[in-house]
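>>> Sharing a model prediction with you, sequence too.
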Amino acid sequence: MSVSVLGAGAFGTSLAISLGLGGVPVTLWSRDPSQAKAMQESRENALRLPSAKLPDAVKVTSDLNELQGDVVLLAVPMQKLRAALEAAPMLDGKTLVACCKGIELTSGQGPIEIIQSVAANATPAILTGPSFAADIAKGLPTALTLACEDEHALQSLQALLMTPNLRIYRSTDTVGASIGGALKNVMAIACGAAMGAGLGESARASLITRGFAEMNRMATAMGAQADTLAGLSGFGDLILTCTSEQSRNYSYGLSLGRAETFDANITVEGAATARATLARAEALKIDMPITQAVVALLDQKLNVREAMSQLLARPPKKE
């Protein structure tokens, strides 16, 4: 069975490599014809993963009509997911697996909701969890959560996407998987900012723990199962993203804490997600103080030390 990957960034390329090495024929789509041509000829993604070779089973194209198979992995930035689906109507009716994490700023919707609204006949799923593209491309062991409400489709997808280095756990809780993957990026910005400002490891540990509580409040209010957030798509991804400079969101937070300029060409999903999350939390009357502090940092209404002081000055409460 063949698979297509929509998006030839680092993560999409790494998934194509892992699946290709596992013997699955893969069509990897790039929106840039010159990039697709260069990757097909050189057998590498020189811009995103220069040291990883594309296996023979991977074909790179910029033609949407060349996408193969009934399963398509959507490895495009969260804020561009809707536009990508609208530009590819031929995907409606297929199994579409979102490989992006976040909440759309304009609509407040997550990846599953966007798939359902644009491709009503598709079977939506989400692949999420603690993972860096470079690790997957190198064949390093990685465990992920695959969530889909259709149990039959879920089991078939799990079998298809498992590779020698990718272990896939399945879940029918798409809400929990989506919220965990989205909000961990917000908390990573907070942790990076604290570390960048020199507030210390204890402050980071506190932010991770209380951030996890925020994630659970939001997820359960939206109908998720609490134990989903305790797994790879929540707690696991939170730990990885809040502790490694490989994380773009954590690195962005570091730059905020150090008052340094951050590369505008690097996608930071947590920034838009923080604003979308805060708006949704206010509508649902959910207390999200760390998310609120991150938005204040982004809007330059507070600096890191002022934000931390506000968090520390909150009224005493039971854990």
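Right, received. Where do you want to start?

>>> Could you pull up phi and psi at the residue positioned nearest the centre of the chain?
What sits nearest the mean C-alpha location of the chain, by CA atoms, centre = their mean, is residue 101, with 2.7 Å. The phi and psi values for residue 101, taken as degrees, to the nearest 10, are phi -130, psi 130.

>>> residues in contact with it?
Listed by CB atoms under 8 Å, 6 or more residues apart in numbering, the contact set of residue 101 reads 78, 111, 128, 178, 181, 182, 184, 185, 237, 269, 273. Placement of C-beta: from N, CA and C, glycine included.

>>> Please enumerate residues in contact with the helix or strand hosting residue 85?
In the assignment (DSSP states H and E), residue 85 maps to helix 81-86. Helix 81-86 has contacts (CB under 8 Å, 6+ apart) with 6-7, 74, 76, 91, 96, 98, 100, 104, 107, 111, 114-115, 117-119.

>>> Just the buried ones from those residues?
Neighbour counting by 16 or more other CB atoms under 10 Å classes 6-7, 74, 76, 91, 96, 98, 100, 104, 111, 114-115, 118-119 among the contacts of helix 81-86 as buried.

>>> What is the helix or strand containing residue 73 packed up against?
Under the criterion of DSSP H and E, residue 73 resides in strand 71-74. Packed against strand 71-74 by the contact rule (3 or more CB pairs under 8 Å, 6 or more residues apart in numbering; DSSP states H and E) you find strand 3-6, helix 81-86, strand 95-98.

>>> Neighbouring strands - and their directions - for it?
Partner strands and pairing direction for strand 71-74 (DSSP bridges) are strand 3-6 (parallel), strand 95-98 (parallel).

>>> rewinding a little: distance to residue 136 and pLDDT added to the buried ones among the contacts of helix 81-86, as TSV?
Formatted as TSV, the buried ones among the contacts of helix 81-86 follow (distance: CB to CB, whole Å; pLDDT from 0 to 100):
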residue	distance to residue 136	pLDDT
6	17	98
7	14	98
74	16	98
76	17	97
91	23	97
96	20	98
98	17	98
100	15	97
104	25	97
111	19	98
114	24	98
115	23	98
118	27	98
119	26	98
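
>>> So what touches the helix or strand of the chain with the lowest mean pLDDT?
Of all helical and strand segments in the chain, the minimum by mean pLDDT, DSSP states H and E falls on strand 49-53, at a mean of 93. Strand 49-53 has contacts (CB under 8 Å, 6+ apart) with 10, 13, 14, 17, 43, 44, 45, 133, 134, 137, 138.

>>> can you check stretch 215-223 too?
Residues outside stretch 215-223 that contact it (CB under 8 Å, 6+ apart): 175-176, 179-180, 183-184, 187, 226, 228-229, 234, 238, 277, 280-281, 284, 286-288.

>>> Export it to CSV, keeping only CA atoms.
The C-alpha trace of stretch 215-223 is given here as CSV (Å, rounded to 0.1, in the frame of the first residue of the first chain):
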residue,chain,number,x,y,z
MET,A,215,-3.5,21.5,29.1
ASN,A,216,-5.7,19.1,31.0
ARG,A,217,-8.3,21.8,31.9
MET,A,218,-8.6,22.8,28.3
ALA,A,219,-8.7,19.3,26.9
THR,A,220,-11.3,17.9,29.3
ALA,A,221,-13.5,20.9,28.9
MET,A,222,-13.6,20.2,25.2
GLY,A,223,-14.5,16.5,25.8
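
>>> can you map out the helices along the stretch 51-200 of the chain?
Remark: helices assigned in the stretch 51-200 of the chain by DSSP state H, counting those that start in this stretch are 81-86, 111-118, 133-137, 151-161, 174-196.

>>> Report all helices and strands that the shortest one contacts.
In terms of contacts (3+ CB pairs under 8 Å, 6+ apart), helix 133-137 is packed against helix 10-21, strand 49-53.
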